[in-house]
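Chemist: predicted structure and sequence below. I'll ask about it afterward.
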Amino acid sequence: MLCTYLQSISEFVRDSHSLPIVPRSDSIAVLVGVKLPRGVIYAVITKHFFRKMNSSLDRNPVILLHGIWDTKMIFSKMSAHLTQLGWSVHSLNLTPNDGSLSLDLLAKQLADYISETFDPEQPLDIVGYSMGGIVSRYYVQRLGGINRVQRFITLSSPHHGTLTAYSLRLPGYLDMRPDSRLLRDLNQDVTMLKRINFTSMWTPFDIMIVPANSSQMPVGKEVKVNVLLHRQMVTEPLSINALVEELKAPIENKIPT
């Protein structure tokens, strides 16, 4: 790796026509056959080495978790953008996705996927959209995810329930009704989310999460995104760019090792 970056230093200087020859050389310059002032070497290393290292090594794998009636394909635009920026992006299909399975059992699918995909010591970031945010919360708060998730971001998730969940009497719908047993359980010790970087993103124009402010949380950070539709929280550049900023945020409370 060092040789690669030393070579890039040489190429960078040659390409920019910055080849001042001086009587003495830094040891690094000697390695690449270029005589450079010390300041040029330090500037190039800082720009092309440390920035590169920080952008890749400090980024956790990101898991995207979809909502009801959706599949992981809903994240196609978001996933492509995050991948282009250097993140390792993962997602899975929750099955069934029609609300006929309770959210705690869907959370078990997430836990199994994580166990099968990542090393036990690998820290993770999770982005949960709509129902996926509640499924992710169950994993974080009840299935041990709090011990490995560092950034947890929910997008228009019904943390306090939604009136639209009264449309059907299926287990997943019952879990997302206001004051449901599952939501009461998660909200009674919601302060545990202070141990990680938790962010709730939501739009005040949401007509799937009713009332829209059900997506607000008493802990963590809140980001209000003024998109018009529930689905646009995962497709609009405004939402995706806001998510990127949260994924780039430094870890405030690192998990002890």
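Modeler: That came through, no problem.

Chemist: lowest average confidence, helix or strand, in the chain?
Modeler: For the chain, the helix or strand with the lowest mean confidence is helix 27-32, at a mean of 38 (criterion: mean pLDDT, DSSP states H and E).

Chemist: so where do the strands sit in this protein?
Modeler: Chain-ordered strands for the chain, with DSSP state E as the definition, fall at 62-65, 89-91, 124-129, 149-155, 197-202, 221-224.

Chemist: looking at the ones you listed, which is closest to Leu183?
Modeler: strand 149-155 (13.1 Å; Cβ to Cβ). In short, each C-beta sits where N, CA and C put it, glycine included.

Chemist: now Ser115: how far from Glu245?
Modeler: Going from Ser115 to Glu245 by Cβ to Cβ, to the nearest Å gives 30 Å.

Chemist: excluding covalently adjacent residues, which one is nearest to Arg59?
Modeler: Taking Cβ to Cβ, 6 or more residues apart in numbering, and ignoring the residues beside it in sequence, Arg59 has Trp87 as its nearest neighbour in space, at 5.5 Å.

Chemist: quick one: mean pLDDT over stretch 192-212.
Modeler: Confidence over stretch 192-212 (mean pLDDT, whole number) is 98.

Chemist: picking that back up, how about the strands of the chain in CSV, adding mean neighbour count?
Modeler: Formatted as CSV, the strands of the chain follow (neighbours: other Cβ atoms under 10 Å):
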stretch, mean neighbour count
strand 62-65, 26
strand 89-91, 19
strand 124-129, 25
strand 149-155, 24
strand 197-202, 24
strand 221-224, 14
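
Chemist: just put these in a markdown table and tack on distance to Arg181.
Modeler: Rendered in a markdown table, the data for these read as follows (distance: least, Cβ to Cβ, whole Å):
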| stretch | distance to Arg181 |
| --- | --- |
| strand 62-65 | 21 |
| strand 89-91 | 28 |
| strand 124-129 | 20 |
| strand 149-155 | 20 |
| strand 197-202 | 21 |
| strand 221-224 | 26 |
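
Chemist: any idea how far His160 is from the residue lying closest to Val190 once chain neighbours are set aside?
Modeler: Using Cβ to Cβ, 6+ apart and skipping residues adjacent in sequence, the residue nearest Val190 is Val219, 5.7 Å away. Distance of Val219 to His160, given as Cβ to Cβ: 13 Å.
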